[in-house]
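> dropping a prediction and its sequence here:
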Amino acid sequence: MAKVNYEGPEQFRPLGAWEYFGYSILYSIPLIGFIMMIIFSFNDSNINRRNFSKSFFCGFVVFIAVIALFGATGFFTHLSNQ
């Protein structure tokens, strides 16, 4: 299904590659990106953007959990003592 030829409701309009790239950059901005990620995760105006925001948020949570796990086990201090 081509984005140019899409004639359905705006809610199901596919996102282009540049939109995914732009949203990835937006979500990478420290505080504003996190806020926009949360807003788009609950927004129903475009289902594809909502799902991308949710997946980016899940990746963010996994990243924070891994950093917390390594911090709790002292992995980073072990690396700096070598």
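All right, it came through fine. Residues are numbered from 1 along each chain as shown.
> output stretch 36-50 as CSV, nothing but the C-alphas.
The C-alpha coordinates for stretch 36-50 follow below in CSV (Å, rounded to 0.1, in the frame of the first residue of the first chain):
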residue,chain,number,x,y,z
MET,A,36,6.1,13.8,23.1
MET,A,37,6.6,10.1,23.2
ILE,A,38,4.1,9.8,26.0
ILE,A,39,1.6,12.1,24.3
PHE,A,40,1.8,10.2,21.0
SER,A,41,1.5,6.8,22.8
PHE,A,42,-2.0,7.7,23.9
ASN,A,43,-3.1,9.7,20.8
ASP,A,44,-5.6,8.1,18.4
SER,A,45,-5.1,10.5,15.5
ASN,A,46,-2.7,8.0,13.7
ILE,A,47,-2.5,4.4,14.7
ASN,A,48,0.9,3.8,13.1
ARG,A,49,2.5,6.8,14.9
ARG,A,50,0.9,5.6,18.2
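> quick check, central residue of the protein?
The C-alpha lying nearest the average C-alpha coordinate of the chain belongs to residue 56 (CA atoms, centre = their mean; 2.2 Å).
> ok now do that residue, which residues does it touch?
Neighbour list for residue 56: 23-24, 27, 37 [criterion: CB atoms under 8 Å, 6 or more residues apart in numbering]. C-beta: built from backbone N, CA, C; applies to glycine.
> 6 Å instead, please
Applying CB atoms under 6 Å, 6 or more residues apart in numbering to residue 56 gives the contacts 27, 37.
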